[in-house]
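[1] I need the structure of the sequence given here:
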Amino acid sequence: MASSLTCAGIIWAFLSFLCAAASCVGFFMPYWLLGSQLEKSVSFGTFRRCSYPVRDESRQTTVMVEQCGRYASFQAIPSAEWRICTVVTGLGCGLLLLVALTALMGCCVSELISRTVGRVAGGIQFLGG
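    Just a heads-up that it's a prediction; the model follows:
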């Protein structure tokens, strides 16, 4: 398989993929903030949370749900700022992944990535970051 990338371009492609993968894993994992509540350890990320309190109406108490899960809806995310963070981080991860996969395809397909495409991809990576 021929490649349109130089040695530096191939290194860029693989580093781009590693960075995009790390960003996506960090986005999906609920371990951004760690703490404790009601004597249980809790953690949450932009749209996932682990060990969260829920109001039990039948007993009129608050109980801890000791499992990880997403928020029930986009509106259930605690604040407008946190919702904005979720959208912006998700878009950034998507852009990084798009460029990384395109760059990896450029390692296998000849003349897929030209100088102009490489510059545009770098600009998209800048926006994604």
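[2] where along this structure do the strands fall?
    33-37, 40-44, 48-56, 61-70 (DSSP state E).
[3] outside of the third one, which residues touch it?
    Contacts to strand 48-56, defined as Cβ atoms under 8 Å, 6 or more residues apart in numbering, come from residues 28-31, 37-38, 40-44, 61-71. Bear in mind the C-beta positions are built from the backbone N, C-alpha and C, glycine included.
[4] Can you select the buried ones from the residues you listed in PyMOL?
    Buried members of those, defined by 16 or more other Cβ atoms under 10 Å, are picked up in PyMOL with:
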select buried, resi 30+42+43+44+68+71
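[5] Quick one: residues contacting G35.
    G35 makes contact with S41, V42, S43, according to Cβ under 8 Å, 6+ apart.
[6] roughly how far apart are it and S43?
    To S43, G35 is 7 Å away according to Cβ to Cβ, to the nearest Å.
[7] L127 too?
    29 Å.
[8] swap in A72?
    18 Å.
[9] Which positions in the longest helix along the chain come out as buried?
    Selection of the longest helix in the chain by residue count, based on DSSP state H, yields helix 80-108. Buried residues in helix 80-108, counted by 16+ other Cβ under 10 Å: 83, 85-86, 89, 92-93, 95-97, 99-100, 102-104, 106-107.
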